[in-house]
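Asker: Have a look; sequence and predicted model below, questions after that.
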Amino acid sequence: AQVHFGAVKDGLEPEESEGVSVLQTFREGGHHLLPLIALIVILVMGWSPMTAAGIAMALTVVVSWRKRETGIGPGKLLVILELSARRSLLVTAACAAAGIVVGAIVTTGLGGKITSLIFAYAAGSLLLALLATMIVCIVLGMGMPVPSAYIVTAVLAGPPLALLGLSTMSANLFILYFATLSAITPPVAVAAYAASGIAQASPAGTALQAVRLGIIAFVIPFFFVYRPELLLVGSPLGIVTAIFTSACGVLLIAGAFVGFMRVPARAWERIGMAGAGLALIAPGVGSDVAGLALGIVVAWRQLSTSRASAGPSRSVGAAHPTDV
């Protein structure tokens, strides 16, 4: 939603297909998907990631020769290897530094002690316990693969969360979400750093942009806990209502961060979007009604302003041929 609103705000138009069909596109370039498919299949078969990546890279070179103009020869291959090595240095350094920190925490048993202290500090508060779990997930996820970070955090934080009344599904999805989000969370943000190398952009700027675009992902796990209907637990009416209001809430929060839906939003409109979005995601009929009412007001304001600004343009456009 943020990408769409941002594109409309910046006046970016979709590229014209020039009559090229999807079937024709796949016929001409579908072979480039073969290395990706092979990578997924090999990983599912249980082979090591290094082996899967090596086979996928070799297959990339092979399929590139389907067309002579895209073929990767020895000279081009050396250039690709050099660029790949240069752009991976930043990610390698980040992983190494984070691995030292995480390794020290796990090896010394400090992780369990820190978790126990944090949950003791929470003093029975579910929200504080969830915040503590979020921090532990992100820290452990900085230098560990997502499955490893999830398993370690689930072992450390799972039992205390269960004692606070969380269901198994809510607790595990909460932990899994934040273990995954550690890949875009500074200061390490391995996925963002890898993307910055590909795009030749600032690593810190890419990481901050990733957090901004994915900000709603940091909120949703909390509502898995407080609003289990999002996990398809509850009555059919409650599930449908929760999905509808949450979807509307996500759109409003995205509009608040971009500052645009149909037209540039004023400060009070952005505050209204954010408040309405959070109210729609939060549990409770009262918050849903309040959020929906506030969201309708802001949406009506955006729509009416958009129509008012478009009206004079259409009038001028219609009068222009007569003037000529």
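Answerer: Alright, I've got the coordinates.
Asker: which stretches of the stretch 51-200 of the chain have low pLDDT?
Answerer: 90-91, 94-95, 97-98, 101-102, 105-106, 110-112, 114-115, 118, 143-144 (pLDDT under 70).
Asker: What segments of it are helices?
Answerer: 74-107, 110-122, 126-142, 146-163, 168-181, 190-199 (DSSP state H, counting those that start in this stretch).
Asker: Now do the fourth one against helix 126-142, angle only.
Answerer: The reference is to helix 146-163. Counting by axes from the mean of the first three to the mean of the last three Cα atoms, to 10 degrees, helix 146-163 lies at 160 degrees to helix 126-142.
Asker: In helix 146-163, which residues are buried?
Answerer: Neighbour counts over helix 146-163 (16 or more other Cβ atoms under 10 Å) mark 149, 150, 151, 152, 153, 154, 156, 157, 158, 160, 161 as buried. Quick note: C-beta positions are derived from backbone N, CA and C, even for glycine.
Asker: Quick one: residues contacting residue 150.
Answerer: 137, 175, 176, 179 (Cβ atoms under 8 Å, 6 or more residues apart in numbering).
Asker: Would you confirm that the first one contacts residue 182?
Answerer: Yes. Counting by Cβ atoms under 8 Å, residue 137 does reach residue 182; the two are 6.6 Å apart.
Asker: From the neighbour counts alone, determine which of these two ranks first.
Answerer: residue 137 (29 against 24; other Cβ atoms under 10 Å).
Asker: So that one versus residue 176, what's the distance?
Answerer: 9 Å (Cβ to Cβ, to the nearest Å).
Asker: got it, and residue 197?
Answerer: 27 Å.
Asker: what do you get for residue 129?
Answerer: Distance from residue 129 to residue 176, by Cβ to Cβ: 17 Å.
Asker: One more: residue 69?
Answerer: In terms of Cβ to Cβ, residue 69 sits 44 Å off from residue 176.
Asker: Give me the more crowded residue out of those two.
Answerer: For residue 69 and residue 176, the more surrounded residue by other Cβ under 10 Å is residue 176, and the numbers stand at 18 against 5.
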